[in-house]
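Trainee: can't give you the sequence, but here's the structure:
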Ligand SMILES: [Zn+2]
């Protein structure tokens, strides 16, 4: 790394996807995940198994490769998907970022590795607020760019305070590192005096999360179409699916077209993209399978080994969307139906994992699942369990995308046999996105007739070699991340909004 000369680029991130219906998070929750200050950020990016998201490492690595620069690492606060960020902690974090940015002046550029769906316990748009804070510090002429998860809710302030926003184009997210590298390229263009112009449209459309896959379907089609329009003038086209459970006035599928100083072109493409999606908005309709039918399908697979195995996604309890990873409806149903050959991964329950560690391998005890958090979104379940394996829960991600090669800490972990169901119980909330989440504990994916994952869609990349899309079943169970939008009491959206309001209307901007 060529530190000490070249452009001075600040690097910082608040990385949180806030489910407004989930419990708030504060400093301790971030410390349990990834809270890095100053040089810790560069050390992590240089390590064999970084803990930061791929956009941060991709940006830093690409900047290193591009020539001399002076990285100015500020703060990386990453808790992943959770509830709202406690507002007092948010203000502390913002102040720490501001002080470090001010101390680092003069800066030549600012890079944010933001997620873009933060909500605090007091405000709906901390991301825009942080971007504006950075703008206030560096002034109008220093480029500020950010990468964003495609589950970002784009606010007017996020657009106005920055020069370019670069959103993932894949879901499951397998292009985070690439988008970080792209941000390095954009940063160099802006340092080289290219003037970016961005057109922005947000539709009154909250697409249920399961309809936002990119390999096929309405969302993937519009992203692919957008990429055909990239040329010497069009720098970036980003389309945000949005994160429904943020429940904010900034919710709605969003279109950002950034050109090299050609606003007319940016606006014309942006309007075209938004009109296309609005005209086929009814295609963003989930195709869920009832809990009863999921259980019946698992029983049938257990009875007939000639049938191909299936994977059931408990999409309503997705820790990757702020779910707690501890609802037991599927577990209870599969246990009672005695469905054979079932692996359920991963169940987040630190108290139960600790109890299994106390009992030891081979012990049998009454396992009380979700003893601490039962509410309208999550139930309890008790059954006799035998401890199959125990572990400290440190694994290395192997899915081809967002977690590949990353260190993942599940906390104390136990594999339990509960009737016919093998359950992996973890202590640090995660979604299961590759078979390593249970194969590390001696449970093989190829032995299963049915795998149940608590994940909305990110498991698809890591499990694709075992379960092609036609063998993936999305379960309509209750939970904090149910795609069934009627299950929630929405208060934040600007109404009317489709599909909650079927008669919602939208008129293209009169640019
Ligand atoms: Zn996402």
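Mentor: Done, it's in. Everything quoted here is computed from the prediction, not taken from an experiment. Numbers count the residues shown, from 1 in each chain.

Trainee: the ion contacts on the stretch 101-250 of the chain?
Mentor: 149, 151 (C-beta under 5 Å from the ion). Heads up, the C-betas are built off the backbone N, CA and C, glycines and all.

Trainee: where does the stretch 101-250 of the chain get nearest to the ion, residue-wise?
Mentor: Using C-beta to the ion, the point where the stretch 101-250 of the chain gets nearest to the ion is residue 151, with a distance of 3.7 Å.

Trainee: repeat that for the stretch 401-511 of the chain.
Mentor: Going by C-beta to the ion, the ion is nearest to residue 458 of the stretch 401-511 of the chain, at 7.6 Å.

Trainee: tell me the strands beside the biggest strand by length in the chain, with direction?
Mentor: For the chain, the strand with the greatest residue count under DSSP state E is strand 69-82. Strand pairing for strand 69-82, determined by DSSP bridges: strand 7-18 (parallel), strand 34-37 (antiparallel).

Trainee: need the residues of this protein near the ion, please.
Mentor: In this structure, the chain approaches the ion at residues 149, 151, judged by C-beta under 5 Å from the ion.

Trainee: got the phi and psi for the residue of the stretch 401-511 of the chain closest to the ion?
Mentor: Phi and psi for residue 458, reported as degrees, to the nearest 10, are phi -70, psi -20.

Trainee: hang on, the earlier thing: deepest-packed of the strands paired with strand 69-82, please.
Mentor: Highest mean neighbour count among the strands paired with strand 69-82 (mean count of other C-beta atoms under 10 Å): strand 7-18, with a mean of 24.

Trainee: buried stuff in the helix or strand that that one is followed by?
Mentor: Next along the chain after strand 7-18, taking DSSP states H and E as the criterion, comes helix 27-32. For helix 27-32, a neighbour-count test (16 or more other C-beta atoms under 10 Å) marks 27, 29, 30 as buried.

Trainee: give the contact list for the last one.
Mentor: With contacts defined as C-beta atoms under 8 Å, 6 or more residues apart in numbering, the neighbours of residue 30 are 77, 78, 79, 89.

Trainee: what is the nearest of the residues you listed to the ion?
Mentor: Distances from the ion to those, taken as C-beta to the ion, are shortest for residue 78 (12.9 Å).

Trainee: so the closest one touches residue 35, yeah?
Mentor: Yes - contact between residue 78 and residue 35 holds when scored by C-beta atoms under 8 Å: they sit 7.5 Å apart.

Trainee: how's this structure carved up into domains?
Mentor: Following automatic domain parsing, one gets these domains for the chain: 7-283, 289-482.

Trainee: centre of the chain to the shortest one, how far?
Mentor: A distance of 19 Å separates the C-alpha centroid of domain 289-482 from that of its chain, computed with C-alpha atoms, centre = their mean, to the nearest Å.

Trainee: start to end distance for that domain?
Mentor: As for domain 289-482, its first-to-last residue distance stands at 12 Å under the measure C-alpha to C-alpha, to the nearest Å.

Trainee: residue 329 - nearest residue in space that isn't next to it in sequence?
Mentor: Of all residues beyond its chain neighbours, the one nearest residue 329 is residue 477 (4.6 Å), with distances taken as C-beta to C-beta, 6 or more residues apart in numbering.

Trainee: what is the burial count for that neighbour?
Mentor: Neighbours of residue 477 under the rule other C-beta atoms under 10 Å: 23.

Trainee: backbone phi and psi for it, please?
Mentor: Geometry field for residue 477 lists phi and psi as phi -100, psi 170, criterion degrees, to the nearest 10.

Trainee: and the strands in the stretch 401-511 of the chain?
Mentor: For the stretch 401-511 of the chain, the strands defined by DSSP state E, counting those that start in this stretch occupy 407-409, 413-418, 421-426, 450-453, 472-476.

Trainee: what do you get for the stretch 51-200 of the chain?
Mentor: With DSSP E, counting those that start in this stretch as the definition, the stretch 51-200 of the chain shows strands at residue ranges 69-82, 109-112, 144-148, 164-167, 196-202.

Trainee: try the stretch 251-400 of the chain
Mentor: In the stretch 251-400 of the chain, the segments counted as strands under DSSP E, counting those that start in this stretch are 254-260, 289-290, 310-313, 342-348, 364-369, 381-391, 394-396.

Trainee: and among those strands, the most buried is which?
Mentor: Greatest average neighbour count among the strands of the stretch 251-400 of the chain goes to strand 342-348 (a mean of 27), per mean count of other C-beta under 10 Å.

Trainee: report the rounded mean pLDDT for it.
Mentor: Here the mean pLDDT over strand 342-348 is 97, rounded to a whole number.

Trainee: sorry, back to before: residue 198 is nearest to which of the strands paired with strand 69-82?
Mentor: With C-beta to C-beta as the criterion, residue 198 lies closest to strand 7-18 of the strands paired with strand 69-82, at 20.2 Å.

Trainee: run the chain-centre distance for the closest one.
Mentor: 16 Å.

Trainee: what's the angle between that strand and strand 144-148?
Mentor: 40 degrees (axes from the mean of the first three to the mean of the last three C-alpha atoms, to 10 degrees).

Trainee: low-confidence stretches in the stretch 151-300 of the chain?
Mentor: Screening the stretch 151-300 of the chain residue by residue with the criterion pLDDT under 70, one finds no matching range.

Trainee: now the helices: where do they sit in it?
Mentor: In order along the chain, the stretch 151-300 of the chain carries the following helices (DSSP state H, counting those that start in this stretch): 156-160, 176-191, 217-227, 263-279, 291-303.

Trainee: ok, which of those helices comes nearest residue 428?
Mentor: Here helix 176-191 is closest among those (C-beta to C-beta), at 20.7 Å.

Trainee: what's that closest one in contact with?
Mentor: Residues outside helix 176-191 that contact it (C-beta under 8 Å, 6+ apart): 7, 9, 53-63, 66, 108-109, 111, 113, 143, 145-147, 163-164, 166-169, 196, 235-236, 260, 401-402.
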